[in-house]
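Participant: this one's sequence-less:
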């Protein structure tokens, strides 16, 4: 398989879009019509971990309003810290 960064980016975006479509379908099945606010909000979520948390919440939340509240929190939350996960690019002196 080709390990191109472009291909990896395309595959990641396709996965994200599929997750959003599935989540919208789940919400529609549970609660009926989904508001444009929810649809637009989900389209803004790029972090896979946030999408997983939102998918869990979509399956378990008691109402569409509760899901919307959770979505609003996820959108306003800063990205997870990468502190300690990156290595310096400078060679040791």
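Facilitator: That came through fine. As the structure is a prediction and not an experimental result, all values here were calculated from the model. Numbering: from 1, shown residues only.
Participant: and the longest helix along the chain, which residues are buried?
Facilitator: As assigned by DSSP state H, the longest helix anywhere in the chain is helix 5-31. Buried residues in helix 5-31, counted by 16 or more other CB atoms under 10 Å: 16, 19-20, 23-24, 27, 30-31. Heads up, the C-betas are built off the backbone N, CA and C, glycines and all.
Participant: nearest to residue 10, of the residues you listed?
Facilitator: When the buried residues of helix 5-31 are ranked by distance to residue 10 (CB to CB), residue 16 comes first, at 10.8 Å.
Participant: wouldn't the closest one be in contact with residue 47 here?
Facilitator: No: applying CB atoms under 8 Å, one finds residue 16 not in contact with residue 47, separated by 9.2 Å.
Participant: Can you name every helix or strand that the helix or strand just after the longest helix of the chain contacts?
Facilitator: Downstream of helix 5-31, the next assigned helix or strand under DSSP states H and E is helix 36-44. Here helix 36-44 touches helix 5-31, helix 64-76, going by 3 or more CB pairs under 8 Å, 6 or more residues apart in numbering; DSSP states H and E.
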